[in-house]
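# one predicted model, sequence on top.
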Amino acid sequence: MSKWSFDTKAIHSGFNQDSKTGATSLPIYQTAAFAYNTAEELADVFSGRKFGYLYSRISNPTVTALERRVAALEDGVCALACSSGMAAIATAIYTLAKSGDHIVSSRSLYGGTLQLFSEIFEENGIEIDYVDTTDSAAYEAAIKGNTRLIFVESLGNPKLDVPPFEAIAKIAAAHQIPLIVDSTLTTPYLFNPKAWGVAVVIHSATKYLAGSGHVIGGILVDLGTFNWKQSKSPALAEEAKKFGEFAFIARARKKILQNTGSCIAPLSAYLLNLGLETLGLRMKQHCDNALALATFLDHHPGVKEVGYTGLVSNPHHRDATRYFNGRYGGLLTFRLDSKESCYKFINSLKLAKNLANLGDSKTLVIHPASTIYCDIDEKSQQEAGVYCNLIRVSVGIEDPTDIIADFEQALKESLQ
């Protein structure tokens, strides 16, 4: 299986066919719990002496197939699916850190992640220092004796800046702490985090992995690059004595996901598995369409600035080309004269949808400052690349001529 190409893995890994019926479509095990014939069997599974499914809050065969497929696409050791991308981030952080511990994070974070960090982690005693995403020396300077991890996004959302992954990974390794990367915008198709020394990769599977905006889910993958026996998180180091390279996911599942109930539903896992089969095809179209739209906007006299790493003039173009397989993702931003111009533009669109999501097959737009970041102070907004005259666009897989025509007529309306 490891020799299969990406698109083959996306279709065949994790589930082959049902052993009893020969069905090649993944069954939906829509059950809360799993029965055993004897008390001894159930006791053996509970104690870990025997493998088996107990309760779908902990694990479920449909969910396992999803976890195995994403782990295969990331060339990881194992994965854990959660109820949402935010649940996946929370599970990863709480697996490694507790009150009194410290995290180093890039400043360029999605607004929901910023709120999770400030309203949950920091309010419950986990200290977080935010640093310039692209300044490797800043990460080094921010590390303390109680630092438990470094967290970055593969592409800042919506700033679209690119971290120096190999430099950060070397710093993390020197301090024996894991580098965690949220790769939602780049997906396993564009970015190979394992090759750059990342320890754990996270996806909001709601986005590109699903592909149609029809399901919520998240997943984290242990890439096998970090020795958990050397973890500075005492509880995790202890788990590693028993579970070895599987310690991170074992602790995440049993101590965090099981106790918080942030499990994904079997039906959601089934739908995500379907979405993964076409991930490669869709990402190609997202990237091609985004480049075409960014090029159009970059030449439009009414557009003040375009943020897209696929443009040669973009300051992150060179790094994005190196890290992301020669493609640049489906997300872009652009700036108009004012907030009022942005509103008028959005209200004039006929094809694109105005909503708080990305990675859909449909083209989506949003005014981040007044929506996703509305509860975040202006200084933090600007550090994350959010301005009152900025629009974020998740470019869909429609015909690019139709997307561009829609933006062209909306720009004409908004500039009058």
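Okay, I see it.

# how about the least confident helix or strand in the chain by mean pLDDT, which residues are buried there?
Taking mean pLDDT, DSSP states H and E as the measure, the helices and strands of the chain show their lowest mean at helix 378-383, namely a mean of 88. By neighbour count with 16 or more other C-beta atoms under 10 Å, helix 378-383 contains the buried residues 380, 381, 383. C-betas here are computed from N, CA, C, even on glycine.

# the longest strand anywhere in the chain packs against which elements?
If you go by DSSP state E, the chain has its longest strand at strand 147-153. Helices and strands touching strand 147-153, by 3 or more C-beta pairs under 8 Å, 6 or more residues apart in numbering; DSSP states H and E, are helix 85-96, strand 102-106, helix 165-174, strand 179-182.

# got the CA positions of it in PDB?
Presented in PDB, the C-alpha positions along strand 147-153 are these (Å, rounded to 0.1, in the frame of the first residue of the first chain):
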ATOM      1  CA  THR A 147       7.000  24.500  26.600                       C
ATOM      2  CA  ARG A 148       5.100  21.400  25.400                       C
ATOM      3  CA  LEU A 149       4.600  22.000  21.700                       C
ATOM      4  CA  ILE A 150       4.900  24.400  18.700                       C
ATOM      5  CA  PHE A 151       1.700  25.100  16.700                       C
ATOM      6  CA  VAL A 152       1.400  26.500  13.200                       C
ATOM      7  CA  GLU A 153      -0.900  26.500  10.200                       C
END
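
# that one: how far from the chain's middle?
Relative to the centre of its chain, strand 147-153 is centred 14 Å away, using C-alpha atoms, centre = their mean, to the nearest Å.

# contacts for that strand, please.
93, 96-97, 101-106, 108-110, 113, 133, 139, 143, 163, 165, 168, 171-172, 175, 177-185, 232-233 (C-beta atoms under 8 Å, 6 or more residues apart in numbering).

# those residues, buried ones only, as a PyMOL selection?
The buried subset of the contacts of strand 147-153, as determined by 16+ other C-beta under 10 Å, is captured in PyMOL by this line:
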select buried, resi 93+96+97+101+102+103+104+105+106+108+109+110+113+133+139+143+163+165+168+171+172+175+177+178+179+180+181+182+183+184+185+232+233
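
# in three-state terms, how would residue 306 be classified?
Look at residue 306: counting by DSSP: H, G, I helix; E, B strand; the rest coil, its state is strand.

# identify the bridge partners of it.
residue 334 (DSSP bridges).

# if we can go back for a sec, I'd like the next helix or strand past the least confident helix or strand of the chain.
strand 390-394 (DSSP states H and E).

# for the stretch 1-150 of the chain, give me the ranges with low pLDDT.
When residues are selected by pLDDT under 70, those of the stretch 1-150 of the chain lie in 1-2.

# my read: residue 77 touches residue 222, true?
Yes: with contact defined as C-beta atoms under 8 Å, residue 77 and residue 222 form a contacting pair (4.8 Å).

# hey, what's in contact with both of those two?
Common neighbours of residue 77 and residue 222 (C-beta under 8 Å, 6+ apart) are 245, 246, 249.

# got the phi/psi numbers for the residue nearest to the first one when sequence neighbours are not counted?
Read that as residue 245. In this structure, residue 245 finds its nearest non-sequential neighbour in residue 77, 5.5 Å apart by C-beta to C-beta, 6 or more residues apart in numbering. Note on residue 77: backbone dihedrals following degrees, to the nearest 10 are phi -80, psi -50.

# repeat that for residue 97.
Dihedral angles (degrees, to the nearest 10) for residue 97: phi -130, psi 150.

# roughly how far does the residue nearest to it when sequence neighbours are not counted sit from residue 230?
Once flanking residues are discounted, residue 97 sits nearest to residue 148: 4.3 Å by C-beta to C-beta, 6+ apart. Relative to residue 230, residue 148 is positioned 13 Å away (C-beta to C-beta, to the nearest Å).
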